[in-house]
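J.: What shape does this take:
(one chain, ligands or ions: 2)
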Amino acid sequence: MTMPDNKPVDPRDPAASTAKTGNGQAARSDFIRDIVDEHLRTGRYQQVITRFPPEPNGYLHIGHAKAFGIDFGIAQQYGGRCHLRMDDTNPVVEEQEFIDNIKTDIRWLGYDWGQHEYHASDYFETLYEWAQALLRAGKAYVCDLSADEIRDYRGTLTHSGKDSPYRNRRVEENLDLFDRMRKGEFPDGTRTLRAKIDMAHPNVTMRDPVMYRILHEEHPRTGRKWCIYPMYDWAHGQNDWMEGVTHSICTLEYEIHRPLYDWFIETLLSIGVKPKGVDYKPQQIEFARLNITYTMMSKRKLRALVEEKVVRAWDDPRMPTICGMRRRGYTPGGIQEFLRRIGVAKFDGVNDVALLEACLREDLNKHAPRAMGVLRPLKLIIDNYPDGQVEELEAINNPEDPAAGTRKVPFGKVLYIEQDDFKEVPPPKYFRMYPGQEVRLRYAYFVKCVGVDKDAAGHVTAVHCTYDPATRGGDSPDGRKVKSTIHWVSTDHAVDAEIRMYDRIFTKEDPEDVPEGADWRSNLNPASLEVIPAARLEPFLASAKPGDRFQFERNGYFCADLDSKPGALVFNRTVTLKDAWARIEQKQQPGGTPKPGKGQKGEKKADKAR
Ligand code: ATP
Ligand code: MG
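T.: Ligands and ions are numbered 1, 2, ... in the order given. Model prediction:
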């Protein structure tokens, strides 16, 4: 996927609001874009600068993609820029591995921050100076209460808090203690720096929030230079301001923090402190976080899935992480389209995972080359086909994309078909192969079942049929019709592959919906992964590289896994074919050739074309 060109768009040009998003689709307008329009119209800002501030303590998931899609998307749309700022204020949990993956994931979805990569730790020194300025102005103090005491003193939603006994320390004492905190004279947790606001404030966030805590920890970037670290609320808004961010877009849980975000900036301004070259204040705007059915998005719980080995890793294809989705075969275009369709709102809701899957199918249907792959093989022997003969039959690579061309598929006397495509005793309305029934082998011939081989236990080990040489290509010159088309591969030419069939990782729409005493683990789907050790695929798939995506006709979309190697292929099932498929099969044609849904129309046409 490519980024739209980065030509600056005149933000006041009405056409700007129909500028393209990362997937080349017109951006939908929403309340955030309305606010941005208004800011530009009234001249509050001359340009748009946003930021995405991930905490490098885990992998990004699809919820984060919604957030950075908004941050980068709006910046692009208005010809501005979006900064990537690692929120590395907590040295305990951050790792380089996470930082690297965050960048990979954002780029994969088509966004780029250019030169503008920052770290909250870049600003530690300036923040420290600004904190000293607040101390000098009597707007902050060093507090000796413990974390528990601070919590007790804070009060509740219904009861106001009470002042810390250290609240009225003199300026000199505060400056001295803060300096010694920095020098490492005090153990962890013994002192904090707090803003002096109002312990009776109706908004609990405003009750003298902690700005710094003591943590004798090595930081991945600043090493041992610091043993006091700023809290999110103190660092974040000031960092936005220092970078000249105009719109600081975040999720709804930060709404109650907005008064504090504004208080810090106003208070600093009132004492003459401001970043160089920035003559405006940033505006925080909150939107509803992304929730998806059958999906859990708490980083802590995702980490538990990895640590408890429920999944193989952060990039397990069942994970809602971006790396998991990538590994599974999801496309940036499909994810972008999903995000575009759900839009941006101010109220929490839950989106249907089926919509995400539908967006993927649409994208894969357009771009994924078709192939034949037999997941659960059963031998089919064509009794009247000449021994040793091999024909190369022409198959269409992608009926949705004529430019994708055609390929040759080898055909011979012995083939594999799906076990499911044969029934010795057909149930009612079964139109696939059974004794006496004629079907079409995709791109090949009409064949009629004439018998079976069985083992001692009575299981069918091979099916025998005869073919009609006049039906080469799949149509009968006498106008004879068949009720179904089945896929196949030639036994002599097939390549083996392990197939990993993924299903939803939770059995409940809301993974947190559990009976008393249970937790989300009780909703895990024990059948979320089924491994098929030896599927048989069309020979050209032998050269598939990890990440290559295909439609295995009638079976779904598949992607070569990272574990896949020449001679030891592994494919993930990305997503099944159209949902409607299952309904149509049940109602009209159990197991038959699917009715032309969107993905199948081409197949029908392709059949007729020959
Ligand atoms: P943590 O609990 O570790 O803070 P987090 O998911 O909030 O987890 P961050 O790295 O702080 O992780 O997130 C970066 C940004 O992504 C934040 O601005 C956050 O609001 C946003 N974000 C996180 N989860 C979602 C979600 N489900 N939908 C939309 N945005 C999200
Ligand atoms: Mg967070």
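
J.: pLDDT below threshold where in this protein?
T.: Along the chain, segments meeting pLDDT under 70 span 1-27, 94, 579-610.

J.: mind listing the helices for it?
T.: Along the chain, counting by DSSP state H, helices occupy 31-42, 62-77, 96-108, 124-136, 147-154, 171-183, 232-242, 258-270, 299-307, 322-328, 332-342, 353-367, 579-587, 598-609.

J.: Nearest to Phe52, out of those?
T.: Of all these, the one in closest proximity to Phe52, counting by Cβ to Cβ, is helix 62-77 (4.2 Å). C-beta coordinates here come from the backbone N, C-alpha and C atoms, glycine included.

J.: Which other helices and strands does that closest one contact?
T.: helix 31-42, strand 49-52, strand 81-86, helix 96-108, strand 247-251, helix 322-328, helix 332-342 (3 or more Cβ pairs under 8 Å, 6 or more residues apart in numbering; DSSP states H and E).

J.: can you list those in CSV and add mean neighbour count and distance to Val439?
T.: Shown next, in CSV, are the helices and strands packed on helix 62-77 (neighbours: other Cβ atoms under 10 Å; distance: least, Cβ to Cβ, whole Å):
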stretch, mean neighbour count, distance to Val439
helix 31-42, 16, 54
strand 49-52, 25, 53
strand 81-86, 24, 55
helix 96-108, 17, 42
strand 247-251, 22, 54
helix 322-328, 24, 32
helix 332-342, 22, 33
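
J.: Show me what from the chain comes close to ligand 1.
T.: 53-55, 57, 63-64, 66-67, 250-251, 289-290, 297, 299 (Cβ under 6 Å from any ligand atom).

J.: just to revisit the earlier point, to Arg376, which of the helices and strands packed on helix 62-77 lies closest?
T.: Among the helices and strands packed on helix 62-77, the nearest to Arg376 by Cβ to Cβ is helix 322-328 (21.2 Å).

J.: now what about that closest one, what contacts it?
T.: With contacts defined as Cβ atoms under 8 Å, 6 or more residues apart in numbering, helix 322-328 is touched by 59-62, 64-65, 101, 104-105, 108-109, 314-319, 335, 502, 547, 559, 561-562, 572, 574.

J.: And the residue of the stretch 101-250 of the chain that's closest to ligand 1?
T.: Distances between the stretch 101-250 of the chain and ligand 1 by Cβ to the nearest ligand atom are smallest at Cys250, namely 4.6 Å.

J.: what's that residue in contact with, if anything?
T.: If you count contacts by Cβ under 8 Å, 6+ apart, Cys250 has them with Ala67, Gln284, Ile285, Glu286, Phe287.

J.: change it to 7 Å
T.: Counting by Cβ atoms under 7 Å, 6 or more residues apart in numbering, Cys250 touches Gln284, Glu286.

J.: do the one 4 residues further on as well
T.: When contacts are counted by Cβ under 7 Å, 6+ apart, Tyr254 is found next to Gln284, Glu286.

J.: ditto for the one 4 residues further on
T.: Contacts here follow Cβ under 7 Å, 6+ apart; on that basis Arg258 touches Gln284.

J.: same thing but 8 Å
T.: Gln284, Glu286.

J.: same deal with Glu218?
T.: By Cβ under 8 Å, 6+ apart, the contact set of Glu218 is Pro91, Arg224.

J.: give me phi/psi at the residue nearest to Asp387 when sequence neighbours are not counted?
T.: Leaving aside its chain neighbours, Asp387 sits nearest to Lys413 (6.2 Å; criterion: Cβ to Cβ, 6 or more residues apart in numbering). Dihedral angles of Lys413 (phi, psi; degrees, to the nearest 10) stand at phi -70, psi -30.

J.: how many neighbours does Lys413 have?
T.: If you count neighbours by other Cβ atoms under 10 Å, Lys413 ends up with 19.

J.: do the same with the one 10 residues further on
T.: Counted with other Cβ under 10 Å, the neighbours of Lys423 add up to 17.

J.: quick revisit: what sits opposite the residue of the stretch 101-250 of the chain closest to ligand 1 in the beta ladder?
T.: Beta-bridge partners for Cys250, by DSSP bridges, are Glu286.

J.: circling back to that earlier point, which among the contacts of helix 322-328 end up buried?
T.: Those of the contacts of helix 322-328 that meet the buried threshold are 59-62, 64-65, 101, 105, 108-109, 314-319, 335, 502, 559, 561-562, 572, 574, by 16 or more other Cβ atoms under 10 Å.

J.: Out of the residues of the chain next to ligand 1, which is nearest to ligand 1?
T.: Minimum distance to ligand 1 across those is 2.3 Å, recorded for Gly63 (Cβ to the nearest ligand atom).

J.: Hmm, the closest one is touching Thr295, no?
T.: No - between Gly63 and Thr295 there is no contact under Cβ atoms under 8 Å: 9.0 Å.

J.: Between these two, point out the one with more neighbours.
T.: Thr295 (22 against 17).

J.: What distance do you get for that one to Ile62?
T.: Taking Cβ to Cβ, to the nearest Å as the measure, Thr295 falls 8 Å from Ile62.

J.: can you pull the contacts of the residue of the stretch 351-500 of the chain found nearest ligand 1?
T.: Of the stretch 351-500 of the chain, the residue with the smallest distance to ligand 1, taken as Cβ to the nearest ligand atom, is Asn351 at 10.3 Å. Applying Cβ under 8 Å, 6+ apart, we find Asn351 in contact with Leu290, Asn291, Ile292, Thr293, Ile342.

J.: got it, and Glu117?
T.: For Glu117, the contact set (Cβ under 8 Å, 6+ apart) comprises His83, Leu84, Arg85, Met86.

J.: which residues does the last one form a beta bridge with?
T.: What that stands for is Met86. In beta-bridge terms (that is, DSSP bridges), Met86 pairs with His119.

J.: Give the buried residues for stretch 255-266.
T.: Going by neighbour count (16+ other Cβ under 10 Å), the buried part of stretch 255-266 is His257, Arg258, Pro259, Leu260, Tyr261, Trp263, Phe264, Ile265.

J.: wait, the fifth one sits on Gln238?
T.: Read it as Tyr261. No - contact between Tyr261 and Gln238 fails when scored by Cβ under 8 Å: they sit 9.4 Å apart.
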